[in-house]
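1. what shape does this take:
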Amino acid sequence: MRFLVLFLLCCNFSQAQKLSRIELLDAISNDICSEITTKNIKVINESILGVQMIKSLMNYKEDVVFYFGKDYFINEKVMVTLGEEIGTHLGIKCPEIFLDIIDSQDPTEAFNYLAVNGKLSKVQKNDFLTFTIKEPSGKTHEFLLLSSFETSYLLTDNILKINDEIEVSYYVSEIYNAKIGRYVNYNIVTYIEKK
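-> Have a look, this model is predicted:
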């Protein structure tokens, strides 16, 4: 009987030392925030944040295993869930650490990329190079070449000819048109492939 009481007390004591899931996420978030701010670490991408997260996870390994399983580190689905939960806590505790990530992102990453196939029907070289393609259905699309990319030479070096079959990747951006005095949606080309 004494052995059973002693065993139950030990079990309760070991259970009492476990952090709750929320307390665990708070503790990990606090560690990460503290590490980044005290060492003045510039978090310019998710990898840097991931390294800090892994360092902090090791400090609470027993609790992490308890809530996320012993194979949490090799289970991608569990790591994604863990990362999202920690990220949510970080966003509440120290949102300023995300500013460098936001500042370092390419502005074109925020756009949805689209693609269209058709025949090159017109190329105009004014202040900017614009071109038009015509889909097999008869619908036409006008594109604006604003920046250099891997296959932009197809247009700039006059390699593409009228009626060439091409596929164009692009995104839509609102750009101010001074001639008409308002913002207009333009199709900004990001890639061209000759078929």
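2. domain parsing of the protein, as residue ranges.
-> For the chain, automatic domain parsing gives the domain ranges 18-105, 109-194.
3. centre of the chain to the longest one, how far?
-> Which is domain 18-105. Here domain 18-105 is found 17 Å from its chain centre; the criterion is Cα atoms, centre = their mean, to the nearest Å.
4. one more: the shortest one?
-> What separates the centre of domain 109-194 from the centre of its chain is 25 Å, taken as Cα atoms, centre = their mean.
5. where are the low-confidence patches of this structure?
-> Along the chain, the model assigns pLDDT under 70 to residues 1-17, 103-111.
6. may I have stretch 171-179 as CSV, with CA atoms only?
-> Output of stretch 171-179 as CSV, limited to C-alpha atoms (Å, rounded to 0.1, in the frame of the first residue of the first chain):
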residue,chain,number,x,y,z
TYR,A,171,1.2,39.7,-62.6
VAL,A,172,-1.3,42.6,-62.6
SER,A,173,-0.2,45.9,-60.9
GLU,A,174,-1.9,49.3,-60.5
ILE,A,175,0.4,51.9,-62.0
TYR,A,176,-0.3,55.6,-62.3
ASN,A,177,-0.8,56.8,-65.9
ALA,A,178,0.0,60.5,-66.1
LYS,A,179,-1.6,61.0,-69.5
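7. that stretch: which residues count as buried?
-> Buried residues in stretch 171-179, counted by 16 or more other Cβ atoms under 10 Å: Y171, S173. The C-beta positions use only the backbone N, C-alpha and C, and glycine is treated the same way.
8. now do stretch 174-194
-> Neighbour count says stretch 174-194 has Y186, N187, I188, V189, T190, I192 buried, by 16+ other Cβ under 10 Å.
9. go on, stretch 117-124?
-> So, applying 16+ other Cβ under 10 Å, buried residues of stretch 117-124: G118, K119, L120.
10. what's the answer for stretch 71-78, then?
-> Result for stretch 71-78 [16+ other Cβ under 10 Å]: buried residues Y72, F73, V78.
11. end to end, how far does that stretch reach?
-> With Cα to Cα, to the nearest Å as the measure, stretch 71-78 spans 9 Å from end to end.
12. surely K93 touches I28?
-> No - between K93 and I28 there is no contact under Cβ atoms under 8 Å: 10.2 Å.
13. quick one, which of these two is more surrounded?
-> I28 (25 against 15; other Cβ atoms under 10 Å).
14. ok, that one - contacts?
-> Contacts for I28 (Cβ atoms under 8 Å, 6 or more residues apart in numbering) come out as M53, S56, L57, N59, Y60, I86, H89.
15. please repeat the previous calculation with a cut-off of 10 Å.
-> 19, 52-53, 55-57, 59-60, 63-64, 82, 85-86, 89-90 (Cβ atoms under 10 Å, 6 or more residues apart in numbering).
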